[in-house]
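Participant: from the sequence below, what's the structure:
(one chain, ligands or ions: 1)
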Amino acid sequence: MAFDVTRVRAAYPALADGYAYLDGAAGTQVPASVISAISGAYEAGLGNSDGAFPASARSDAIMARCREAVADLVGGDPAGVVLGPNMTTLTYRLAAALAARWRPGDEVIVSRLDHDANVRPWVQAAGRAGGVVRWAEIDAATGELPAEQYASLLGDRTKLVAVTAASNIIGTRPDVAAITGMARAAGALSYVDGVHATPHGPVDVGALGADFYATSAYKWSGPHIGTVIASPALLESLHPDKLVPAPEEVPERFEYGTPPFADLAGVIAAVDHLAGLDAAAAGTRRERILASMAAAEAHEQRLFGELLGGLDAMQHVTTYGKAARRTATAYFTVAGHTPRQVASHLANRRINVWDGDNYAWELTGALGIRDSGCAVRAGLVHYNDQTDVTRLLEAVAELA
Ligand SMILES: Cc1ncc(COP(=O)(O)O)c(C=O)c1O
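Facilitator: Numbering: from 1, shown residues only. Next comes the predicted model:
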């Protein structure tokens, strides 16, 4: 393993501005290779899809290579990679397509751990179909989402289980494989939100058992693009609303309007960048991604131990979540200061963090902090270093 954070940081022009970027859970910075892939695509000349001239062929090639890159990132099939503007839009689209075959009394299971983008589309679609929503609850003391509860939530009317692969505020990584396994055994589909999980370690959609896996490139060093990965056969069974002349094939059937081809070139570059995070990684791109993301995870987790330990040692700080498996994402409050005051203080120290619910609407409610401005989120990604952690701890200590 050869994870060299100094080398990784040098790839990101934005990191030179002197700020500690602990806001990656809301969107990462992009490396120079992504910026030049986007501008390079425009410089080379792009056309709309499926034309007779080379600029159009270049756009089609970007699209095809982008599907391959995303498939390599998550262990999926390129023919099942749906590309779109962001996870929320794609999830609403998939929810509408799936709900078209739900009947009154059919059931969906959502969780209190999830970002609202993997809750509300299902709640609203079920409501329109006359369906029933069942809730998987968290253990508020630990922030875990116990998998066993799904045995009693699932039934023969369950159509879909929506669950996150990691909480975007407290980092909890539920036992997704156990949950999707139970869902499949009950005849239900699973929709796994991988938006927060994907940047923090290797992903294998097959091992997760996810029928649908959603992720957003802007959380893993790419541009603002979302994607949902499923098996082509499953996509084939769904019939979203679409324009008559638009492609009937999958995955194109789920992709509305003209795609942002240059940004998709940026997604390819982002995946290639992730594959190279571990300079010693060798083999196919998929193999290099697995090795690099494992190295990045080890780096993040080492720093996170220090970050969380440092916060927990401060009398005036309360941290949320104690899950056994979690991403390097801290969520905390500081006595005597609102989360916005803490975030502003940190901004004055040139440290970027988020405050508020971060759209973890149900989870902040279940933790009992939704009405109090919630908490402060400081998250680590592969480009964060020791200095970022030390600066955060010193700045929070000033608020005692
Ligand atoms: C866990 C999680 N799910 C879903 C989303 C929504 O993603 P998008 O902005 O691509 O719609 C986010 C965004 O912060 C997220 O963190």
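Participant: going by C-alpha atoms from here, please, whenever you check contacts or count neighbours.
Facilitator: Will do.
Participant: residues from the stretch 51-200 of the chain in reach of the ligand?
Facilitator: 86, 87, 88, 115, 117, 167, 168, 193, 195, 196 (C-alpha under 6 Å from any ligand atom).
Participant: and those, which is closest to residue 330?
Facilitator: Lowest distance from residue 330 to those (C-alpha to C-alpha) belongs to residue 168, with 9.6 Å.
Participant: that closest one and residue 117, how far apart?
Facilitator: Distance, residue 168 to residue 117, by C-alpha to C-alpha, to the nearest Å: 11 Å.
Participant: these two: which has the busier surroundings?
Facilitator: Between residue 168 and residue 117, residue 168 has the larger neighbour count (other C-alpha atoms under 10 Å), namely 29 against 18.
Participant: which helix or which strand is home to that one?
Facilitator: Using DSSP states H and E, residue 168 falls within no helix or strand.
Participant: so the nearest residue to it once chain neighbours are set aside, which of the three states?
Facilitator: Leaving aside its sequence neighbours, residue 168 sits nearest to residue 196 (C-alpha to C-alpha, 6 or more residues apart in numbering; 5.4 Å). Three-state call for residue 196 (DSSP: H, G, I helix; E, B strand; the rest coil): coil.
Participant: over to residue 331?
Facilitator: Here residue 331 is strand, with the state taken from three-state DSSP.
Participant: shouldn't it be in contact with residue 374?
Facilitator: No: assessed by C-alpha atoms under 8 Å, residue 331 is found out of contact with residue 374, at 9.1 Å.
Participant: show me where the chain has helices.
Facilitator: Secondary structure of the chain (DSSP state H): helices at 5-10, 32-44, 54-74, 87-99, 120-129, 149-153, 176-185, 205-208, 232-236, 261-275, 285-312, 339-348, 361-366, 386-397.
Participant: and the angle for the fifth one with helix 87-99?
Facilitator: Put plainly, it is helix 120-129. Here helix 120-129 runs at an angle of 30 degrees relative to helix 87-99 (axes from the mean of the first three to the mean of the last three C-alpha atoms, to 10 degrees).
Participant: might you report the residue contacts of the residue nearest to residue 168?
Facilitator: With contacts defined as C-alpha atoms under 8 Å, 6 or more residues apart in numbering, the neighbours of residue 196 are 25, 165, 166, 167, 168, 215, 219.
Participant: before we move on, what about residue 109?
Facilitator: Residue 109 sits next to 133, 134, 135, 136, 153, 154, 158, 160, 161, 162 when contact means C-alpha under 8 Å, 6+ apart.
Participant: tell me which of those residues fall in strands.
Facilitator: Under the assignment DSSP state E, those contribute 133, 134, 135, 136, 158, 160, 161, 162 to strands.
Participant: returning to that earlier point: closest one to the ligand out of the contacts of residue 109, please.
Facilitator: The ligand lies nearest to residue 162 out of the contacts of residue 109, by C-alpha to the nearest ligand atom, at 11.3 Å.
Participant: just to check, that closest one is in contact with residue 110?
Facilitator: Yes: between residue 162 and residue 110 there is a contact at 5.1 Å, judged by C-alpha under 8 Å.
Participant: identify the contacts common to those two.
Facilitator: Joint contacts of residue 162 and residue 110 (C-alpha under 8 Å, 6+ apart) are 118, 119, 122.
Participant: which of the residues you listed sits closest to residue 285?
Facilitator: Among these, residue 118 lies closest to residue 285 (C-alpha to C-alpha), at 29.5 Å.
Participant: and the closest one, how many neighbours?
Facilitator: Other residues near residue 118 number 25, with proximity taken as other C-alpha under 10 Å.
Participant: can you tell me which residues contact it?
Facilitator: By C-alpha under 8 Å, 6+ apart, the residues touching residue 118 are 88, 91, 110, 162, 163, 164, 193.
Participant: and the last one, what are its bridge partners?
Facilitator: Using DSSP bridges, the bridge partners assigned to residue 193 are residue 164, residue 214.
Participant: ok, now how distant is it from residue 228?
Facilitator: The spacing between residue 193 and residue 228, counted by C-alpha to C-alpha, is 9 Å.
Participant: contact partners for the residue in the stretch 201-350 of the chain positioned nearest to the ligand?
Facilitator: Taking C-alpha to the nearest ligand atom as the measure, the stretch 201-350 of the chain has residue 216 as its residue closest to the ligand, at 4.9 Å. Neighbouring residues of residue 216 by C-alpha under 8 Å, 6+ apart: 86, 87, 195, 224, 225, 226, 227.
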